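Q: what shape does this take:
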Amino acid sequence: MAIRLEDGTIEIVGRIDFQTKINGQRVEPGEISALLRQQSSVRAAVVVAATVEQEKALVACISPSDTSLSWPRVVSSLRTATLASLPSYMTPAYWMPFDDLPVNSNGKTDVLQLRNRIQAMKRSDLIGASMDTEEVQRELSNMEKVLQLAWAKVLSLPSEVITINQSFLALGGDSLKALLVISELLSHNYLAELGDMLRADSLATAASSLTYQENASANQDSPTPFSLIPGETDVDRTTFEDAYPATPSQEGIISAHNSAGGYVYHRVFDIEGYDVSRLQQALQMVINNNAIYRTGFVAHGTGFLQMVHRQFELPWDIVNDTASIDSYVSQVRKQEMDIAQPLVRAAILNGHILVVIMHHVLFDFWSSKVLVQDAAAIYNNQTVASRLSFNIFVRHYQQQVDEKAASDFWSDYLQNTSATRLTLLEGLLML
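A: Numbering: from 1, shown residues only. This is a model prediction of the structure:
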């Protein structure tokens, strides 16, 4: 929605559609609804983004074309159709049957009423409605029991409610949670593929795709410091405890940082009643225990190296006279971050507002909460989750990527193309 102002300028007010974000992925529920309406088993359908027990999820509300159809089979066929045509993150986590979808005074499907109804339901009830296979029970095999426990841990469900006929998606799983399951299975020496986990229509099917490999978890051991860079690379090992190449996605963010000064992320927390000194100590302990928060970047050859500082004391701004959070954040945004130094800062505003400032090159959506989650665990004297070092992923990337094959592919693909010239004209990038 936009407003044309008296001077002729246009002010963007906001969106008037139902676009949302699920696990950091932008989703248009209407696109999923349109696909579902094309299926022969559906008379009417709408997909609603709702918050289910503090977690945003997609819920498909379906009016079947034939009430005699088995609901679990309808769910199974519709889930298969969405997985075949859309990215996995656009597959609804929950499915609800309706004789008729509610309509508002305009005769349109009443999405607000559906959302309110869904958000008033228990997650267990939504899971029950989303069953995608007929009930068939038997004793679980050892492999199935391992997978059942992994699902239960990641999905925060009692293991006894996860039956052999339920699929991971029907239990509220998604691609991010599937990655956590794969990591959990690896600690038990089981190998699993993401696609197999998401496509499987039952626990039994998912378990049948697992492979047991002795010492599979050995690859979780961190590489020897400096082993991922050429031996002749000159590094001050008294200042740095490790160095390894930046990943391509990190290099892209660094390039954007250099050209636009962006990608600095701020999270704001109200810490009224907390012991500020204790909280500061907890955050420092997390930084001491996790190399990524002590990492800076330096140019090296055609790319960048990640340089892990041995020591880094989190810099704090203590501001007691700020007019507003927005004014402080606006001021901080204008300050340049030195990419060669650790890219984390923090501030306490007016004694009770915590602001955590990090560069996006250090994290993605999944890992964005790690710093605060671990600090909260330390603050509350709880066990801190075990975190793999980022250099393990860098090693994995180096082992998987064939640079020559990739170079040969793009050289062949772009052989007959003409270059696009970029010209900087009065501060504007022109094509």
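
Q: and the helices in the protein?
A: Using DSSP state H, the helices of the chain run over 29-37, 71-85, 111-119, 123-129, 142-155, 175-186, 194-199, 203-208, 248-260, 276-289, 325-333, 370-379, 390-400, 403-413.

Q: which one of those helices has the lowest average pLDDT?
A: Out of these, helix 248-260 stands lowest, with a mean of 78 (criterion: mean pLDDT).

Q: between helix 390-400 and it, find me the angle.
A: 110 degrees (axes from the mean of the first three to the mean of the last three C-alpha atoms, to 10 degrees).

Q: for helix 248-260, give me every contacting residue.
A: Helix 248-260 has contacts (C-beta atoms under 8 Å, 6 or more residues apart in numbering) with 246, 262, 263, 297, 303, 304, 306, 337, 339, 359, 360, 361. C-beta coordinates here come from the backbone N, C-alpha and C atoms, glycine included.

Q: check those residues for burial and list the buried ones.
A: Buried members of those, counted by 16 or more other C-beta atoms under 10 Å: 246, 263, 297, 304, 306, 337, 339, 359, 360, 361.

Q: beta partners of the residue nearest to the first one when sequence neighbours are not counted?
A: So the one you mean is residue 246. With sequence-adjacent residues excluded and distances taken as C-beta to C-beta, 6 or more residues apart in numbering, residue 246 is closest to residue 304, at 4.1 Å. Applying DSSP bridges to residue 304 gives these bridge partners: residue 299.

Q: contacting residues around residue 304?
A: Contacts of residue 304 were listed using C-beta under 8 Å, 6+ apart, and they are 245, 246, 250, 251, 254, 297, 298.

Q: picking up where we left off before, lowest pLDDT pick from the contacts of helix 248-260?
A: In terms of pLDDT, residue 262 ranks lowest among the contacts of helix 248-260, with 66.

Q: burial count for the nearest residue to residue 143 once chain neighbours are set aside?
A: Leaving aside its sequence neighbours, residue 143 sits nearest to residue 207 (C-beta to C-beta, 6+ apart; 4.9 Å). By other C-beta atoms under 10 Å, the residues close to residue 207 number 21.

Q: now do the contacts for residue 207.
A: Taking C-beta under 8 Å, 6+ apart, we find residue 207 in contact with 141, 143, 144, 146, 147.

Q: nearest to residue 67, out of the contacts of residue 304: which one, please.
A: Nearest to residue 67 among these: residue 250, at 53.4 Å, using C-beta to C-beta.

Q: for that closest one, the count of nearby residues, please.
A: For residue 250, the count of nearby residues is 20 (other C-beta under 10 Å).

Q: residue 390 versus that one, what's the distance?
A: Separation of residue 250 from residue 390 (C-beta to C-beta, to the nearest Å) stands at 10 Å.

Q: what do these two both touch?
A: The contact sets of residue 250 and residue 390 overlap at residue 306 (C-beta under 8 Å, 6+ apart).

Q: measure the residue nearest to residue 143 to residue 182 for me?
A: With C-beta to C-beta as the criterion, residue 207 and residue 182 are 13 Å apart.

Q: again with residue 353
A: Residue 353 is 38 Å from residue 182, by C-beta to C-beta.

Q: do the same with residue 280
A: According to C-beta to C-beta, residue 280 and residue 182 sit 35 Å apart.

Q: now flag whichever of the contacts of residue 304 is closest to residue 195.
A: residue 250 (25.6 Å).

Q: what sits against the residue lying closest to residue 356 once chain neighbours are set aside?
A: Nearest non-adjacent residue to residue 356, counting by C-beta to C-beta, 6+ apart: residue 267, 4.7 Å away. By C-beta under 8 Å, 6+ apart, residue 267 lies in contact with 355, 356, 368, 372.

Q: from these, pick the one nearest residue 89.
A: residue 368 (16.6 Å).

Q: what number of residues are in the vicinity of that closest one?
A: With other C-beta under 10 Å as criterion, residue 368 counts 17.

Q: show the contacting residues for it.
A: 265, 267 are the contacts of residue 368 under C-beta under 8 Å, 6+ apart.

Q: please read off the pLDDT at it from the model.
A: The predicted local confidence for residue 368 is 82.

Q: now it: how far from residue 265?
A: 7 Å.

Q: again with residue 346
A: Residue 346 is 12 Å from residue 265, by C-beta to C-beta.

Q: can you check residue 208 too?
A: Residue 208 is 41 Å from residue 265, by C-beta to C-beta.

Q: and what of residue 177?
A: Counting by C-beta to C-beta - residue 177 and residue 265 are separated by 23 Å.

Q: how many neighbours does residue 278 have?
A: Applying other C-beta under 10 Å, I find that residue 278 has 11 neighbouring residues.
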